[in-house]
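In: Build the 3D model from these lines:
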Amino acid sequence: MREFTRELIETVLLSIAVFLALHLSVQNFRVEGTSMDPTLTEGQYIVANKIIYSRVATNSLARFVPFIQPSDDGEALYVFHPPRHGEILIFNFPTDDSRDLVKRVIGLPGDTIEIQSGQVIRNGELLDEPYVVNRDRRNVDLLVVPENSYYVLGDNRRASSDSRDWGFLADEHVVGRGWVSYWPTDRIGVLQVFH
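Out: Sure thing, here's the model as predicted:
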């Protein structure tokens with residue numbers, strides 16, 4: 001009986017550990033709206049990788065790793081990497097945390113962004129955006145993406161509320177990277193990144 005109880009406790013603890021690991025590392029999302037057409041469509045389900053953009057405060061890390069120096073400003077290091085150009089982000093809408101949105105990363109901190117007649121110019125170079133099929137004709141004057149922020153746009157520019165409308169996305173709102181589409185079945189696959 002004692003061995004059965006021990007095995008039961010171990011099984012329960014392992015199940016809890018697996019559940020927590022999955023819950024902290026991935027999350028499913030349902031695409032709402034048409035702002036990412038044709039890449040993602042209304043009602044499509046995707047999995048977001050939440051752990052890839054995880055950050056650790058250098059002050060906390062410095063207690064355990066001798067070659068890490070604590071910083072005065074509480075700087076955080078990415079465990080894997082920060083968001084990159086062309087990746088699909090899932091994030092909390094900056095003005096309403098109860099809503100999750102999905103957009104593509106166009107500008108990273110320090111990048112210059114300009115839009116002329118719907119054509120995006122990043123750091124002085126015109127972007128090749130094969131995923132955009134519905135361009136609009138809007139213009140955005142030259143701007144610089146601030147630290148800890150991103151410039152994000154929907155792939156369906158005519159139907160997207162994005163950084164052109166509400167400004168930069170602060171990294172504190174980022175939930176994860178759009179990773180895999182799993183529903184409907186004809187859309188199953190890894191979400192492509194365009195640099």
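
In: Touching the lengthiest strand in the chain from outside, list them.
Out: Ranked by residue count, the top strand of the chain under DSSP state E comes out as strand 96-107. Applying Cβ atoms under 8 Å, 6 or more residues apart in numbering, the external contacts of strand 96-107 come out as 29, 31, 35-36, 39-40, 46, 83-93, 113, 120, 122, 127, 131, 145, 150-155, 160, 162-163, 169, 173, 175, 178, 194. To be clear about C-beta, it is placed using only N, CA and C from the backbone, and glycine gets the same treatment.

In: can you pull the buried residues of that strand?
Out: Neighbour counts using 16 or more other Cβ atoms under 10 Å place 100-107 of strand 96-107 among the buried residues.

In: related to what we said a few turns ago, narrow the contacts of strand 96-107 to those in helices?
Out: Ser163 (DSSP state H).

In: Can you flag the buried ones in the contacts of strand 96-107?
Out: If we count by 16+ other Cβ under 10 Å, these have these buried: 29, 31, 35-36, 39-40, 46, 83, 85, 87-92, 113, 120, 122, 127, 131, 145, 150-155, 160, 162-163, 169, 173, 175, 178, 194.

In: In strands only, show me those residues.
Out: Per DSSP E, the subset of these in strands is 29, 46, 88-92, 113, 120, 122, 150-153, 169, 175, 178.

In: how near is Val31 to Arg55?
Out: Val31 is 26 Å from Arg55, where distance means Cβ to Cβ, to the nearest Å.

In: where in this structure is pLDDT low?
Out: 15, 17-26, 57-76, 195 (pLDDT under 70).

In: residues in contact with the spatially most central residue of it?
Out: The residue lying closest to the centre of the chain (Cα atoms, centre = their mean) is Leu89, at 2.6 Å. Each residue near Leu89 by Cβ under 8 Å, 6+ apart is listed here: 83, 102-105, 150, 152, 169, 174-178.

In: 10 Å instead?
Out: 48, 53, 83, 101-105, 150, 152, 169, 171, 173-178 (Cβ atoms under 10 Å, 6 or more residues apart in numbering).

In: for Asp155, same thing?
Out: Counting by Cβ under 10 Å, 6+ apart, Asp155 has contacts 34-40, 88, 102-104, 129-134, 162, 194.

In: Over to Ile46?
Out: 27-31, 36, 40, 88, 90, 102, 178-183, 187, 191.

In: at 7 Å instead, please
Out: 29, 31, 40, 178, 180-181, 191 (Cβ atoms under 7 Å, 6 or more residues apart in numbering).

In: what do you get for Gly178?
Out: Gly178 touches 46, 48, 88-90, 102, 191, counting by Cβ under 7 Å, 6+ apart.

In: and if we set it to 10 Å?
Out: 29, 31, 36, 39-40, 46-49, 87-90, 102-104, 190-191, 193.

In: In the sheet, which residues pair with it? Tell me.
Out: Ala48 (DSSP bridges).

In: Now do it against Val102, distance only.
Out: 6 Å.

In: Could you do Ala48 as well?
Out: 9 Å.

In: overlap in contacts of these two?
Out: Common neighbours of Ala48 and Val102 (Cβ under 10 Å, 6+ apart) are 29, 88-91, 175, 178, 191.
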